[in-house]
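S.K.: compute the structure for the input listed below.
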Amino acid sequence: MWKVGGFLLTTAQVEQVVMSWGYQRPEFSPFLDLNRISKANKVKSMDAIPVRYPARTPKAEAMILIMTHSVEDDAANWEQFTPFGQREHDSRVRGWLAKKGVTDVPFVTIVDPFDSGY
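M.R.: The predicted structure is shown next:
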């Protein structure tokens, strides 16, 4: 299964990052706008994807994951997997988010992020 990790943001936090670059509030898709605007501002090592978190639970909410890890893990499943550890790159991303005013972001690992299970 596909296993991803990174920083979990709310739509409001994504809007804050986008607006910190002087752009208007995202109107179409916050994660697409964040990807487009970050590339335009020379941020190359970041991809944002839509996820539901906590995954596969009735309380899952639509969120945006700033993905810093991505692997195909044949041993992983929804109930049992090895979470990613944070690396130096993750510290840089967290610092970059803090400069944009976004400080309260959990680092998470999600297995099969596009399957909500419900």
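S.K.: hey, which helix or strand in this structure has the poorest pLDDT?
M.R.: helix 30-40 (a mean of 70; mean pLDDT, DSSP states H and E).
S.K.: helix or strand next in line after it, which one?
M.R.: Next helix or strand after helix 30-40 toward the C-terminus (DSSP states H and E): strand 47-53.
S.K.: now for the strand ranked longest in the chain, which elements pack on it?
M.R.: For the chain, the strand reaching the highest residue count under DSSP state E is reported as strand 61-72. Counting contacts by 3 or more Cβ pairs under 8 Å, 6 or more residues apart in numbering; DSSP states H and E, strand 61-72 is packed against strand 2-9, helix 11-20, helix 30-40, strand 47-53, helix 88-99, strand 107-111. Where C-beta positions appear, they are placed from N, C-alpha and C, glycine not excepted.
S.K.: between the ones you listed, which one is closest to residue 61.
M.R.: Among the helices and strands packed on strand 61-72, strand 47-53 comes nearest to residue 61, with 6.3 Å by Cβ to Cβ.
S.K.: list the buried ones in that closest one?
M.R.: For strand 47-53, the neighbour count (16 or more other Cβ atoms under 10 Å) marks 47, 48, 49, 51, 52, 53 as buried.
S.K.: thanks a lot, catch you later.
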